[in-house]
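Undergrad: everything below, folded, please.
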Amino acid sequence: MADQGVHVHSSDEMTGIPAHEHTHPVYPMIWGQEERREFEYIRQGTSGLIASRDVVTGQIEAPFIQPTRPGVDFANHIGAVVPWHPQDRHIFVLDNLNSHQSEELVRLVIAHVHRNISVKELGKKGKAGILWTQKPVMTFCKIPPTPSVRFLYNPKQTLGQTLPMDIQRLSAQTHREKT
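TA: Purely as a prediction, here's the structure:
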């Protein structure tokens, strides 16, 4: 599909990743010995990671590490993935988490399809229109007016089974780069 200008992304979140700070400096590598690290650490709370994997190349694109995971963070992540291939179409495979069906995501889709939607048609969360409940939001995101950015919702929580090892590896790598 990538050769036809369509990128399929598997997107998910991992929360509750412990943020550790080592209490002692790293012992650098010397001849005949590997780099060594003491086991003691200070807990610095937890963080979360939002990541998308291109299912063809396996590359993790635009990972977001942050302490929270509201809909705006997920929409920002999607907004960071799409510019990697701005002329192509994007399909995101997601679970049914409520942050994957947020008002911010609808607004992002509207911005990418370059369509003006009236305030009345957009509606208000809990009241009317596209934003009325999660069901119209899912319908709008699945089949937007032009399919440059599209979302497919998996009925069960199964996507997280494919990303955790990569997410843990990425989290450890990011933590090493910060220290």
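Undergrad: residue 54 against residue 11, yeah?
TA: No - look at residue 54 against residue 11 with Cβ atoms under 8 Å: they stay out of range, at 10.5 Å. C-beta: built from backbone N, CA, C; applies to glycine.
Undergrad: these two: which has the busier surroundings?
TA: Shown here are residue 54 and residue 11; by other Cβ atoms under 10 Å, residue 11 has more neighbours (22 against 18).
Undergrad: can you tell me the closest non-neighbouring residue to that one?
TA: Residue nearest to residue 11 in three dimensions, not counting chain neighbours: residue 52, with 4.2 Å by Cβ to Cβ, 6 or more residues apart in numbering.
Undergrad: in this structure, which spans are strands?
TA: Secondary structure of the chain (DSSP state E): strands at 6-22, 41-54, 60-66, 89-94, 149-153.
Undergrad: nearest to residue 83, of those strands?
TA: For residue 83, the closest of the strands of the chain is strand 60-66, at 8.6 Å, according to Cβ to Cβ.
Undergrad: so how far is the closest one off the chain centroid?
TA: 6 Å (Cα atoms, centre = their mean, to the nearest Å).
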